[in-house]
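Q: How does the following fold in three dimensions:
(one chain, ligands or ions: 1)
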Amino acid sequence: MGTTGHDVVIVGAGFAGLTAARELHAAGCDILLLEARCRVGGRALTRFLPDGTQLDLGGQWIGPAQTRIGELVRHFGIDTYPTPEHGDPVVDYGGERRTDVPAEAGRLLAEIDALSRQVPPERPWAAEQATAADRQTFASWLAASGHPEQAQRYVGRVISGGLLAGSPAETSLLETLFYVASGGGVDALLGYRGGAQETRIVGGAQHIAERMADELPPGALRLGEPVVGVEHGADGVRVVTRLAAYPAAHAVIALPPVLAGQLRHDPPLSALRAGALQRQAAGTALKVHAVYPEPFWGADGLSGLSTSDSGVLTETVDNTPPGAPRAVLTAFAYGDEAVALRRSSPEERQAAVTERLGALFGERARQPQEFITHDWLAQEWTRGCFSAHFAPGGRTAFGGLLHTPEGRLHWAGTETAVHGNGYFDGAVESGLRAARDVLAARTPSSTG
Ligand SMILES: Cc1cc2nc3c(=O)[nH]c(=O)nc-3n(C[C@H](O)[C@H](O)[C@H](O)COP(=O)(O)OP(=O)(O)OC[C@H]3O[C@@H](n4cnc5c(N)ncnc54)[C@H](O)[C@@H]3O)c2cc1C
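A: Numbering: from 1, shown residues only. Model prediction:
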């Protein structure tokens with residue numbers, strides 16, 4: 001396999017691929033970034049209703065600890081705004097309607113936070129008792145934790161749903177603790193002010209990705225060109241799309257794991273790499289937007305924020321951008337509830353969600369003017385939401401491989417991140433790391 005062609009071909013123009021492309025271009029490499037969709041941003045997708053109301057159908061928030069994505073926002077001079085904070089949240093706990101998280105659930109969250117601090121995100125498999133904690137599901141740990149059942153249920157939904165977009169039975173204790181540690185702890189991840197849900201982007205999160213793409217040299221980004229295979233040898237790679245084949249010295253694969261595993265690799269990936277990709281299952285979260293003429297919940301003294309330990313929705317938030325002509329309540333379903341909603345027809349799904357919104361926020365919530373959802377599990381070029389996680393046993397068996405290059409193949413994507421795993425910030429971290437790996441691996445004979 002010859003090395004004429006590009007220095008590096010990058011596959012996937014989400015935040016990970018865009019970051020790798022940007023860094024490598026800045027370091028003087030001749031790069032080509034190939035993207036299947038006709039847009040950049042991947043899991044960041046912003047849409048505007050005809051009246052201008054902004055909806056982030058994918059990721060939307062950044063928090064103060066997420067410094068890498070924050071740095072990009074500052075670099076481009078993009079304005080942000082805080083998630084609205086007015087009125088009381090609703091905490092639906094054991095059938096009781098409250099405005100705060102009960103102390104018993106707080107104690108369980110604090111224990112999880114303390115345990116996560118014993119898991120180094122760089123090497124979670126090296127944590128004390130890592131093997132045992134990776135064999136045990138988070139559900140079985142909760143059940144044996146000695147905390148009240150109601151607290152287990154609430155915390156299970158908020159942590160495994162709200163963070164890992166699944167249910168407590170799907171991932172191990174270790175995987176859950178790694179994810180919490182990677183994001184900086186329970187408060188940093190669950191919080192609004194001071195936490196990962198603090199800030200939104202004027203113009204939407206996809207706008208950051210578009211600005212990154214604008215900085216690439218002409219011709220370096222090819223949209224609408226899905227990669228179908230990667231041939232790799234000792235002296236180079238050839239990235240094959242539906243339209244052409246591109247030789248290069250190195251490739252960076254910046255895809256969700258399920259899609260990286262579906263590429264035709266020649267020679268086939270190593271057994272361990274294949275195992276790592278196969279054992280990361282994508283989350284099943286469903287994010288829906290209900291649009292109303294005004295934020296009526298504010299008149300009732302409510303913030304629009306809610307967390308529930310029952311019903312189809314685990315969380316809601318007031319997602320109205322400042323100055324928007326209409327108001328938006330955004331709701332999230334996770335785990336079994338999210339799967340069940342997908343089994344029903346679009347009409348039944350809307351009815352189930354608005355019924356629940358009505359129970360939380362009153363009669364008017366049952367009648368949105370518009371109801372919008374974007375099923376990321378159904379998207380050919382994503383296949384899951386928010387991100388993917390190892391099945392029990394996977395983190396200790398395969399976690400160390402995630403960011404290890406395989407010959408001239410380098411791996412990026414938020415799922416490979418040490419910090420901010422699952423978030424925009426982790427995607428950026430992974431792109432930075434992959435770019436560093438490529439630069440370190442370049443030799444005079446491989447620079448094309
Ligand atoms: C509904 C939702 C809400 C979220 N909320 C937040 C949030 O508030 N804050 C936050 O920080 N994170 C959030 N996330 C997670 C965040 O969006 C992701 O962590 C991040 O966008 C992942 O970036 P990435 O570059 O790793 O992957 P992706 O964004 O998935 O990028 C991969 C790219 O590869 C492309 N691609 C796929 N297959 C091929 C192929 N064969 N050939 C070429 N290109 C291909 C895809 O089209 C895509 O552009 C959310 C995600 C979702 C879905």
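
Q: per-residue confidence for the residue in the stretch 151-300 of the chain that the ligand sits nearest to?
A: Using Cβ to the nearest ligand atom, Val227 is the residue of the stretch 151-300 of the chain that sits closest to the ligand, at 3.6 Å. All C-beta atoms are positioned from the backbone trio N, CA, C, and that covers glycine. pLDDT, Val227: 98.

Q: Ok, Glu85 next?
A: Predicted confidence (pLDDT) for Glu85: 81.

Q: what's the answer for the one 5 residues further on, then?
A: Reading off the confidence values, Val90 has pLDDT 98.

Q: that's a helix at it, yeah?
A: No. Looking at Val90 with DSSP: H, G, I helix; E, B strand; the rest coil, it is strand, so not inside a helix.

Q: Contact partners for the closest residue to it other than its chain neighbours?
A: Among residues not flanking Val90 along the chain, Ser306 sits closest, at 4.0 Å (Cβ to Cβ, 6 or more residues apart in numbering). Contacts for Ser306 (Cβ atoms under 8 Å, 6 or more residues apart in numbering) come out as Pro89, Val90, Val91, Asp92, Leu313, Glu315, Thr316, Leu360, Phe361.

Q: host element of Ser306?
A: For Ser306, the enclosing helix or strand under DSSP states H and E is strand 302-308.

Q: ok, the residue of the stretch 151-300 of the chain closest to the ligand - contacts?
A: Contacts of Val227 (Cβ under 8 Å, 6+ apart): Val11, Leu34, Ala36, Val239, Val240, Thr241, Leu263.

Q: and what of Val230?
A: Val11, Val237, Arg238, Val239, Val240, Ala251, Ile253, Leu263, Arg264, His265, Asp266, Leu409 are the contacts of Val230 under Cβ under 8 Å, 6+ apart.

Q: Leu33 now?
A: Val9, Ile10, Ala13, Gly17, Leu18, Ala21, Leu216, Ala220, Leu221, Arg222.

Q: Do any residues in whatever helix or strand it lives in lie close to the ligand?
A: Element membership for Leu33 (DSSP H and E) is strand 31-34. Yes. If you take Cβ under 6 Å from any ligand atom as the test, strand 31-34 does meet the ligand, through Leu34.

Q: Name every strand pairing with that strand and say which way it goes.
A: strand 6-11 (parallel), strand 221-222 (parallel) (DSSP bridges).

Q: Please identify the buried residues of the helix or strand just after the last one?
A: So the one you mean is strand 221-222. Next in sequence after strand 221-222, counting helices and strands by DSSP H and E, comes strand 227-233. Buried residues in strand 227-233, defined by neighbour count with 16 or more other Cβ atoms under 10 Å: Val227, Val230, Glu231, His232.

Q: Strand 227-233 vs strand 6-11, what angle?
A: 140 degrees (axes from the mean of the first three to the mean of the last three Cα atoms, to 10 degrees).

Q: so where is this protein shaky, pLDDT-wise?
A: Low-confidence segments of the chain (pLDDT under 70): 1-3, 443-448.

Q: Let me know whether Leu32 touches His6 as I believe.
A: Yes. Checked against Cβ atoms under 8 Å, the pair Leu32 and His6 is within contact range at 4.7 Å.

Q: Now do the shared contacts for these two.
A: Tyr246, Ala248.

Q: returning to that earlier point: leaving out sequence neighbours, find the closest residue to the residue of the stretch 151-300 of the chain closest to the ligand.
A: Nearest to Val227 is Val11, by Cβ to Cβ, 6+ apart, at 4.8 Å.
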